[in-house]
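K.L.:
missing the sequence, but the structure's below:
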């Protein structure tokens, strides 16, 4: 095998058609040694090469049952970390572009979460009364924090079951990093909005009084998804005026006023399956990531279904979009030469505790 790693520069200038063909050729040569996982938010130019597609939960479940030596993740960094944690020790997880992060995940880091832990301990005994829940859209060390403090991980699919489990353990929940998913899930469980307060990690005591902390059932981290945050109630009103028989479906990362004015709210998989199984001729306004909505809109044309993106502003997940055909072709060509580039390895000390929290989630899915 060639001992020199193939550098990315020669792939950067590849024409689209040439790049696509190189990916196809490399996959055919690597055969069963390779599996490519693709998140629904990925651009079609790489999504087409995925062997398995899904949302975060579905892809995590796939990871546990793969036989391939190499797992290439078409997604963002935290997803590849989950793959590394849940896969076997002899398997290798690769992220084509290491800069593919998540703005939401970046809104909560371990230092802030640990400071929050210390701050809350000034008011109450954290480990006695609070179950920490981290959305899967978070770094591995935050999942590890939850594993070490009787906590758990959730996805947008299983958040209701996870929150129910959490309240069976203790009386309060610290939910991070996405406040909107936590608020909507709590609301659907019948928790009063006044009992779900926003914790600002950059303010003393999260910007709350001791009385608010004692009363709260859910402490919502001040974080959000930049894409879903752009959706507005006005977008729904305009759609309903133009399409009185139309149906609005949104992802629970959307703001509360969007969710409460939608006809349906659910995960990426829920949105896809609901629209695909709907009657022909129906019209949909969809509040989730642009690539997914465009792909679904094109697929539904043959069934005379109209699928519209909720915002008038073009907003895709820009960090997810960093995974392009050139980077995918680059990592594949290196594998053909026996070289691994951009391997994702979670340190064992973190992976062990993170897996505890992930296993708790997987047990109640």
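P.N.:
Noted; the coordinates are in hand. Here the structure is a predicted model, which means the values were calculated and not measured.
K.L.:
ok, how many other residues are close to the closest residue to residue 204 other than its chain neighbours?
P.N.:
When the adjacent residues along the chain are set aside, residue 204 lies closest to residue 119, with 7.3 Å between them (C-beta to C-beta, 6 or more residues apart in numbering). In this view, the C-beta of every residue, glycine as well, is placed from N, C-alpha and C. Here the neighbour count serves as a burial measure; for residue 119 (other C-beta atoms under 10 Å) it reads 18.
K.L.:
Could you tell me how far residue 119 is located from residue 294?
P.N.:
43 Å (C-beta to C-beta, to the nearest Å).
K.L.:
Repeat that for residue 234.
P.N.:
Taking C-beta to C-beta, one finds residue 234 at 22 Å from residue 294.
K.L.:
Of the two, which one has the most company?
P.N.:
Just comparing residue 234 and residue 294: by other C-beta under 10 Å the higher neighbour count belongs to residue 294, 15 against 11.
K.L.:
residues touching that one, list them.
P.N.:
With contact taken as C-beta atoms under 8 Å, 6 or more residues apart in numbering, residue 294 is in contact with 44, 309.
K.L.:
So in this structure, where's the weakest helix or strand by average pLDDT?
P.N.:
Sorted by mean pLDDT, DSSP states H and E, the helices and strands of the chain end with helix 103-106, the least confident at a mean of 73.
K.L.:
list the helices and strands the longest helix belonging to the chain packs on?
P.N.:
In terms of residue count, the longest helix belonging to the chain (DSSP state H) is helix 348-364. Helix 348-364 makes packing contacts with helix 56-63, helix 77-86, helix 140-148, strand 152-154, helix 159-169 when contacts are defined by 3 or more C-beta pairs under 8 Å, 6 or more residues apart in numbering; DSSP states H and E.
K.L.:
Quick check: buried residues in it?
P.N.:
Taking 16 or more other C-beta atoms under 10 Å as the neighbour-count basis, helix 348-364 is seen to contain the buried residues 350, 351, 353, 354, 355, 356, 357, 358, 360, 361, 362.
K.L.:
do the same with stretch 228-244
P.N.:
Counting neighbours by 16+ other C-beta under 10 Å, the buried set in stretch 228-244 is 228, 229, 230, 231, 232, 235, 236, 239, 240, 243.
K.L.:
what bits of the stretch 51-200 of the chain have low per-residue confidence?
P.N.:
Within the stretch 51-200 of the chain, the stretches with pLDDT under 70 are 101.
K.L.:
thinking residue 334 is in contact with residue 6, fair?
P.N.:
Yes - when contacts are counted by C-beta atoms under 8 Å, residue 334 is listed as touching residue 6 (5.2 Å).
K.L.:
Tell me which of these two has more neighbours.
P.N.:
Neighbour tally, residue 334 and residue 6, criterion other C-beta under 10 Å: the higher count belongs to residue 334, 21 against 17.
K.L.:
element containing the more buried one?
P.N.:
When elements are assigned from DSSP states H and E, residue 334 belongs to helix 325-336.
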